[in-house]
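*Asks:* fold the following, please.
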Amino acid sequence: MIRLNMIVLWKQNWKSILMTVMAVSLLLAAACGGSRAEEGKSEVHHEETEQAVHLSQKELKEFGITVAAAGPASLDVTVDLPGEITLNWDRVAHVVPRVSGIVREVRKRLGDTVRKGEIMVVIESRDLADAKSAFLAARERLTLVEAAFERESRLHKKRITSEQEFLNARRDLAEGRIAVRSAEQKLHALGFSETELNKLSTEADVDYTLYEIRAPFKGTVIQKHVVLGEAMEAHAELFVVADLSIVWVDLTVYPKDLPLIHVGQEVTIHDGPGFPPVAGKISYIGSLVGESTRTALARVVLSNPKGVLRPGMFVSASVKVSRRQVNVTLPSAAVQNIDGKDCVFVQQGDELVKTPVKLGKRSGDLVEVVSGLPAGTLCAVSGTFTLKAQLAKDSFGEGHGH
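*Replies:* I've put the predicted structure just below:
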């Protein structure tokens, strides 16, 4: 009897234990389910946070973020051409001596700037001394024959001297003038001005052998081939001077683009990041196509007052050939590359939402949006790098987009 009662009691307790275990299991399942639901909500919320940035009006103003509508615009149609900056060969001078001699002074070095007429080198030349001496002697003889002719003229009028003596004096005067003119022209050919010739006649104790070679115009010494004490022959190259304030850009034009390129078209020259675009116009198009390259030459003349355009640099050029109307455009500053995709930030309520777009042609500060953005959509058009940085910060859990 006692054993039977114990069996009945155990069965009753077993049911209670089983119900308790089931209740605990249900509670644990509910707790786990709630945790997973909360985790799911958190994941959804985190994903939304990575796509949008919320900033107050004060913060928008502080970070320089402005909003404008995407809309239609007329864009330039351009042809892109490779090119190279070259010297302006109309303003390049090869500085040479016109007589032989020994180099006594070298006043300019490679890279120096020179003014027009500035002395670059001084040569000691025996040939120059001979030319100066011949000029001075011719002038002196002319002075004498002029005086003789005046005397003979007076005597001839008084019939004191013969006709032959008068004619001889006139002949001597003509020959004297020819001799002076010949000596002058020789010195002019050596670079002497009329003022310098007149000064030469009045100077005393001057070394007639010294030959000062001067800069032909304002420019920069880009080559130097002279050293002190060197014997130089006439017409040997001493320096090359170039005016770098104006340079040429020689563009390579392919046959398919030739019908589109014309003199006078506007061109924008680029040289990569950090190089400000430079505007110019096509001034010349070559009449021939290169036999080996099968390309033609188009030239742009650019002002270069600060010297940032250096001959030898390779550049790219955008030649404006026409204009076309497009439906959706934005300033280029509105677009940021995020994870390899072009994106803009669209205003939705008090949020700026990252939106991928497909871009088309660029023209100046504008870019065409081919897809992903309807016309009239409000987008951030400045300060977008700040928005990109905020998204990156949020993705690492260091900030909050809301």
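*Asks:* what are the ranges of the helices in the stretch 251-400 of the chain?
*Replies:* In the stretch 251-400 of the chain, the helices defined using DSSP state H, counting those that start in this stretch lie at 384-395.
*Asks:* can you map out the strands along it?
*Replies:* 266-270, 278-285, 296-303, 314-331, 336-338, 341-348, 351-356, 358-363, 366-371, 378-382 (DSSP state E, counting those that start in this stretch).
*Asks:* for the closest residue to residue 344 other than its chain neighbours, what are its contacts?
*Replies:* Residue nearest to residue 344 in three dimensions, not counting chain neighbours: residue 379, with 4.8 Å by Cβ to Cβ, 6 or more residues apart in numbering. For glycine as for every other residue, the C-beta is placed from the backbone atoms N, C-alpha and C. Listed by Cβ atoms under 8 Å, 6 or more residues apart in numbering, the contact set of residue 379 reads 67-70, 330, 334, 344-347, 373.
*Asks:* and the pLDDT for residue 379?
*Replies:* At residue 379, the predicted lDDT confidence score is 94.
*Asks:* what pairs with it across the strands?
*Replies:* residue 68, residue 346 (DSSP bridges).
*Asks:* make residue 1 into 20 and carry on from there
*Replies:* In the new numbering, first residue 20, that becomes residue 398.
*Asks:* can you put the strands of the stretch 270-419 of the chain in CSV and add distance to residue 279?
*Replies:* Listed next are the strands of the stretch 270-419 of the chain as CSV, based on distance: least, Cβ to Cβ, whole Å:
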stretch, distance to residue 279
strand 285-289, 13
strand 297-304, 11
strand 315-322, 11
strand 333-350, 5
strand 355-357, 30
strand 360-367, 28
strand 370-375, 33
strand 377-382, 15
strand 385-390, 20
strand 397-401, 32
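*Asks:* any of the contacts of residue 398 buried? List them.
*Replies:* 86, 89, 349, 353, 363-365, 392 (16 or more other Cβ atoms under 10 Å).
*Asks:* any regions of the stretch 170-319 of the chain where pLDDT drops low?
*Replies:* In the predicted model, the stretch 170-319 of the chain carries pLDDT under 70 at residues 223-224, 291-293.
*Asks:* please redo it, this time with the cut-off set to 80
*Replies:* Along the stretch 170-319 of the chain, the model assigns pLDDT under 80 to residues 220-225, 290-294.
*Asks:* could you measure the residue nearest to residue 363 against residue 87, distance?
*Replies:* 7 Å (Cβ to Cβ, to the nearest Å).
*Asks:* again with residue 322
*Replies:* On the measure of Cβ to Cβ, residue 322 and residue 87 end up 34 Å apart.
*Asks:* next: residue 210.
*Replies:* Counting by Cβ to Cβ, the gap from residue 210 to residue 87 is 64 Å.
*Asks:* same question for residue 169.
*Replies:* From residue 169 to residue 87 the distance is 91 Å (Cβ to Cβ).
*Asks:* just give the number of residues close to residue 376.
*Replies:* For residue 376, the neighbour count with other Cβ atoms under 10 Å is 23.
*Asks:* should've said residue 313
*Replies:* Applying other Cβ under 10 Å, I find that residue 313 has 9 neighbouring residues.
*Asks:* could you do the one 5 residues further on as well?
*Replies:* Using other Cβ under 10 Å, the number of residues around residue 318 comes to 17.
*Asks:* and of the strands of the stretch 270-419 of the chain, who's closest to residue 202?
*Replies:* strand 315-322 (42.5 Å; Cβ to Cβ).
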